[in-house]
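In: Take this sequence and fold it.
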Amino acid sequence: FCFYLVIRDSLEDHVSGVGVRCPLGYFPCGNITKCLPQQLHCNGEDDCGNQADEDNCEDNNGWSLQFDKHYTKDKYNKLKSLYGFQTKTPECLAGAVPAECTCQRLEIFCDAAKLRAVPSVSSNITIMSLQRNLLRKLSADIFKKYQDLKNLYLQNNKIRAVSERAFKGLYNLTKLYLSNNKLTSLKPGVFEDLHKLEWLIIENNRINRISPLTFYGLKSLILLEMMNNSLARLPDKPLCQYMPRLNWLDLEGNHIHHVRNVTFISCNTLTVLVMRRNKISSVNENSFSSLQMLDELDLASNKIESLPPYIFKDLKELSQLNLSYNPIKKIQIDQFEFLIKLKSLSLEGIEIANIQRRMFRPLRNLSHIYFKKFQYCGYAPHVRSCKPNTDGISSLENLLASIIQRVFVWVVSAITCFGNIFVICMRP
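Out: Residues are numbered from 1 along each chain as shown. All right, here's what the predicted structure looks like:
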């Protein structure tokens, strides 16, 4: 009877009434009753015979999908319409330009020209590029006459100071690049006139403090890129108060320690939030409760040891979650219960001592999962792509993962046991 219970338990581990369930180290070939070793998944060959083993090979959930949806396609179409039928360099329509610069139509390019000041050019230009120069500060009203300007490129300079009036009059600016400079702060209201700005790129600076007023006036902002700055904390006030359309916020590589309840309370249009490579040790239960449109949340490579039980309860639209390389000691059994649309889950580098199938069973749309150990894949058998892949060699930990191996060992053990009893009983 005991032997029957063990066999039944082993069978229930790998067989379900719905669809096909494969043993550890194997994956199902679509809707046919066939299992193949995991190392054949996404190897460029049709091993299943129906291409099922070559489906879902790339994890394009989260930010990459959002980027294609909101930015890449639109950008490509604009470039195509502008330059699709060009056979020669367009003439300059901006009049005289400095010798160090080039001009096409109403676009001025003064890159790597060793400029120490913003050059004076025609007021009707639409694009100004001053990349890789020697600019150290942006004075008041320096761009005021360029009211038709749409794109302004100031990255890779040595800018340390920006006047609160530096961007006055740029009412039509849509993209502003300030990355790779030496900024330590931005004054409140510095972007006040940039009502049409959609992209603000200020990565790779030394900014150590921001407040909601830093972004006053940015009512059209969609993308805010602040990767690799020196932020130690986020404001205790609603960060997106003056950015009602903010869609993408990247805070990777700062020094943030805590995520409080109020910080993101006004960011209800956010779809991508990246906070990897910070020093976050704690997050509050309602830190992300207002982010009901969030598609990707990246908290990898922080110092999080525990997660509040219902921290993800309001993230019904989330498709990608990355918690990898945090010193998380325990994951709640129902931690992911509310993430009904989740497609990609990263738990690399995490030792899940209490791992159970119930943790991942609610995630019916999950197509990619990433663990520290291959053996954990057996707890999410319905997920098509599970990493790391097996090397095809059984370890002590997964030696008995196969149902056939387990049945065989129990049969041999039972025969050996009864054989020994028979021998003992037959002795004179």
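In: At which residues are the strands of the stretch 301-428 of the chain located?
Out: Under the criterion DSSP state E, counting those that start in this stretch, the stretch 301-428 of the chain contains strands at 320-322, 344-346, 368-370, 385-387.
In: Please convert those to TSV, extending it with distance to Pro98 and mean neighbour count.
Out: (Each C-beta comes from the backbone N, C-alpha and C, glycine too.) Shown next, in TSV, are those (distance: least, CB to CB, whole Å; neighbours: other CB atoms under 10 Å):
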stretch	distance to Pro98	mean neighbour count
strand 320-322	46	24
strand 344-346	49	23
strand 368-370	51	22
strand 385-387	53	20
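In: can you put the ones you listed in JSON lines and add distance to Arg132?
Out: Listed next are the strands of the stretch 301-428 of the chain as JSON lines, based on distance: least, CB to CB, whole Å:
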{"stretch": "strand 320-322", "distance to Arg132": "33"}
{"stretch": "strand 344-346", "distance to Arg132": "36"}
{"stretch": "strand 368-370", "distance to Arg132": "38"}
{"stretch": "strand 385-387", "distance to Arg132": "39"}
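In: Quickly, which of those bottoms out on average pLDDT?
Out: The weakest mean pLDDT among the strands of the stretch 301-428 of the chain belongs to strand 385-387, with a mean of 89.
In: strands paired with that one, and their directions?
Out: Here strand 385-387 is paired, per DSSP bridges, with strand 368-370 (parallel).
In: hang on, the earlier thing: with respect to Lys168, which of the strands of the stretch 301-428 of the chain lies nearest?
Out: For Lys168, the closest of the strands of the stretch 301-428 of the chain is strand 320-322, at 39.4 Å, according to CB to CB.
In: Pull up the pairing partners for that closest one, direction included.
Out: Strand 320-322 has these strand partners (DSSP bridges): strand 296-298 (parallel), strand 344-346 (parallel).
In: Looking at those strands, spot the one closest to Lys144.
Out: Nearest of the strands paired with strand 320-322 (CB to CB): strand 296-298, 38.2 Å.
In: what about the closest one, distance to the chain center?
Out: Chain-centre distance of strand 296-298: 5 Å, with CA atoms, centre = their mean, to the nearest Å.
In: Repeat that for stretch 236-253.
Out: Here stretch 236-253 is found 16 Å from its chain centre; the criterion is CA atoms, centre = their mean.
In: quick one: buried residues of it?
Out: 238-243, 246-253 (16 or more other CB atoms under 10 Å).
In: try stretch 159-176
Out: Buried positions in stretch 159-176, judged by neighbour count with 16+ other CB under 10 Å: 159-160, 162, 165-170, 172-176.
In: same thing with stretch 212-223?
Out: Result for stretch 212-223 [16+ other CB under 10 Å]: buried residues Pro212, Leu213, Thr214, Phe215, Tyr216, Gly217, Leu218, Leu221, Ile222, Leu223.
In: Quickly note the distance from the fifth one to Glu192.
Out: When CB to CB, to the nearest Å is applied, the distance between Tyr216 and Glu192 equals 6 Å.
In: Show me how the chain divides into domains.
Out: 100-228, 231-390 (the TED database).
In: which SSE is Ile108 in?
Out: Taking DSSP states H and E as the definition, Ile108 sits inside strand 107-109.
In: can you give me the helices for the stretch 301-428 of the chain?
Out: Taking DSSP state H, counting those that start in this stretch to define them, one finds helices in the stretch 301-428 of the chain at 403-426.
In: re the thing from before, adding distance to Asn322, write the strands paired with strand 320-322 out as JSON lines.
Out: Converted to JSON lines, the strands paired with strand 320-322 look like this (distance: least, CB to CB, whole Å):
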{"stretch": "strand 296-298", "distance to Asn322": "4"}
{"stretch": "strand 344-346", "distance to Asn322": "4"}
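In: returning to what we had before: I'd like a version of the buried residues of stretch 212-223 in JSON lines, one that adds secondary structure as further columns.
Out: Shown next, in JSON lines, are the buried residues of stretch 212-223 (DSSP: H, G, I helix; E, B strand; the rest coil):
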{"residue": "Pro212", "secondary structure": "helix"}
{"residue": "Leu213", "secondary structure": "helix"}
{"residue": "Thr214", "secondary structure": "helix"}
{"residue": "Phe215", "secondary structure": "helix"}
{"residue": "Tyr216", "secondary structure": "coil"}
{"residue": "Gly217", "secondary structure": "coil"}
{"residue": "Leu218", "secondary structure": "coil"}
{"residue": "Leu221", "secondary structure": "coil"}
{"residue": "Ile222", "secondary structure": "coil"}
{"residue": "Leu223", "secondary structure": "strand"}
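In: which one among those gets closest to Val262?
Out: Minimum distance to Val262 across the buried residues of stretch 212-223 is 10.7 Å, recorded for Pro212 (CB to CB).
In: pLDDT at that closest one, what is it?
Out: Each residue has a pLDDT score; the one for Pro212 is 96.
In: Can you name the residues that contact it?
Out: Listed by CB atoms under 8 Å, 6 or more residues apart in numbering, the contact partners of Pro212 are Pro235, Lys237, Pro238, Leu239, Cys240, Gln241, Tyr242.
In: Repeat that for Gln356.
Out: Contacts for Gln356 (CB under 8 Å, 6+ apart) come out as Ile333, Tyr379.
In: Can you get me the centre-to-centre distance for the strand holding Ile108 and its chain?
Out: 34 Å.
In: now do stretch 363-372
Out: 15 Å.
In: Same question for stretch 127-134.
Out: From the chain centre to the centre of stretch 127-134 is a distance of 30 Å (CA atoms, centre = their mean).
In: Tell me the secondary structure of Leu176, please.
Out: Classification of Leu176 by three-state DSSP places it in strand.
In: That one and Ile201 touch, don't they?
Out: Yes - using CB atoms under 8 Å as the test, Leu176 is close enough to Ile201 to be in contact (7.1 Å).
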